[in-house]
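*Asks:* Test case, fold it:
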Amino acid sequence: MSVKDQIKELSEKYRDYTAQNLSKMIKIPSYSGQEEAVCKAIVEMCEEAGFDEVRIDGLGSVVGRVGYGKKIIAFDAHIDTVEVGDRNQWNFDPFSGEIKDGLVYGLGSSDQAGGAASMITAGRIIKELGIDNDFSCYFTFTVMEEDCDGMAWIYLIEKEGLKPDYAVSSEPSACKLYRGQRGRMEIEILLKGISSHGSIPHNGVSAAYKASKAALAIEQLDKDLQPDEARFLGKGSVTVSQMEVTGPSQCSVPDQARMYLDRRLTWGEDAEFAINQVKEVITDAMGVAPEKIYMPDYNKRGYKNTDFGQELYFPTWIVEKDHELVTSTQKAFSDLYGQDLEPGPCTYSTNAVSICGRYHIPTVIIGPGDVEVCHKPNETTRIEDLVICSGLYALLPFTLN
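*Replies:* Numbering: from 1, shown residues only. Here you go, the predicted structure:
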């Protein structure tokens, strides 16, 4: 029996095993920065699967390895989730992990514990087959992605020294293949006015009116942004996500305003370009430059209380259509399931903003579940997707080899 046939047979054999592991993860709340319990459970699952090495890094992510080859391929899943939100909108317990009707139910089932469960099964299959190749397969179960996508991988590369030759993000893609994504960044703007008594507003300069003009300029900027030259990722975007105005009292002209922007970056746009662009349009709108415009930092500590952070900039990335990682993923999928995948762009943000965007490690995204159900009540994922991805992840190193 060929390797691909053995892998396909084992991925089907472990269908229930994969679903049960996913169910176990869902039952453990794992909000960003609070992943300790689920990380300990994942360590046990990897050890049970026979991984050659399992450890928790200094930031809190689980790192598992199967194989001893010189080349490194990393499979990544973030294992933190957003919060439940309004429980009244859930038709079932968000932490139930119920398995029925071909689905696994619960918070994080698609985003993104489903990918993690498929990765564990893939490691078990590779280990069970015992076929030597040139690869070490690293399986990373990373923390704090929902708060700061990519930061866990900055830590893995800069502090832990893990720099793979290839990477696969198991973010939910409904088993479609993605080879690039828009980047993003956050921008904070501080505006100053001059306060005066509310009965004589002409004696002051309203920070509220400045902020209003600036916000309308940002609205127009979003309309004016252009797509990338190849029209693969499409146009960037910008929106005012927060705006606050304050003054000495409710009876005063406000003298301070704060605006917060969410900026999505297409190919060819970077942080310096975006900040200069915003500064230009709001200066034109207000007739004066803002007091301050800058990119904030993220410095929240996770469950290991490690002092580590990054700027809130997440670079755009693209891998060429004919790159060997892309074509090998297509071949592995076709060999297993007889379908040709056409690689497209990812519409949401992932840890690949660091893996590929910052460090230029070739990366693709393919994983179980649907992004349409993510960050929403009543999240589920298909067990069939779990089976498909566990087989694909197990075969890919052999296809690349």
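
*Asks:* can you give me the strands for the stretch 1-150 of the chain?
*Replies:* 53-56, 62-66, 71-78, 99-100, 103-105, 135-142 (DSSP state E, counting those that start in this stretch).

*Asks:* could I get the ones you listed as a markdown table with distance to A122, mean pLDDT and mean neighbour count?
*Replies:* Quick note: C-beta positions are derived from backbone N, CA and C, even for glycine. Below are the strands of the stretch 1-150 of the chain laid out as a markdown table (distance: least, C-beta to C-beta, whole Å; pLDDT from 0 to 100; neighbours: other C-beta atoms under 10 Å):
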| stretch | distance to A122 | mean pLDDT | mean neighbour count |
| --- | --- | --- | --- |
| strand 53-56 | 15 | 98 | 16 |
| strand 62-66 | 8 | 98 | 23 |
| strand 71-78 | 7 | 97 | 25 |
| strand 99-100 | 20 | 98 | 13 |
| strand 103-105 | 17 | 98 | 24 |
| strand 135-142 | 8 | 97 | 26 |
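
*Asks:* Dump those strands to JSON lines, plus distance to C346.
*Replies:* Below are the strands of the stretch 1-150 of the chain laid out as JSON lines (distance: least, C-beta to C-beta, whole Å):
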{"stretch": "strand 53-56", "distance to C346": "28"}
{"stretch": "strand 62-66", "distance to C346": "24"}
{"stretch": "strand 71-78", "distance to C346": "14"}
{"stretch": "strand 99-100", "distance to C346": "28"}
{"stretch": "strand 103-105", "distance to C346": "23"}
{"stretch": "strand 135-142", "distance to C346": "17"}
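
*Asks:* D165 is nearest to which of those strands?
*Replies:* Evaluated with C-beta to C-beta, those place strand 71-78 nearest to D165, the distance being 5.0 Å.

*Asks:* returning to what we had before: out of the strands of the stretch 1-150 of the chain, flag the one nearest Q220.
*Replies:* That would be strand 71-78 among the strands of the stretch 1-150 of the chain, by C-beta to C-beta, at 35.1 Å.

*Asks:* how about low-confidence regions in this structure?
*Replies:* By pLDDT under 70, the low-scoring segments of the chain are 132.

*Asks:* Near the nearest residue in space to R263 that is not next to it in sequence, how many other residues are there?
*Replies:* Nearest non-adjacent residue to R263, counting by C-beta to C-beta, 6 or more residues apart in numbering: V238, 4.7 Å away. V238 has 23 neighbours, counted by other C-beta atoms under 10 Å.

*Asks:* Tell me the first helix or strand C-terminal of the strand or helix carrying V238.
*Replies:* Using DSSP states H and E, V238 maps to strand 237-246. Sequence order places strand 256-265 as the next helix or strand after strand 237-246, per DSSP H and E.

*Asks:* Of all the strands of the stretch 1-150 of the chain, which one comes closest to Q277?
*Replies:* Using C-beta to C-beta, these put strand 71-78 closest to Q277, at 30.3 Å.

*Asks:* Run the chain-centre distance for the closest one.
*Replies:* 14 Å (C-alpha atoms, centre = their mean, to the nearest Å).
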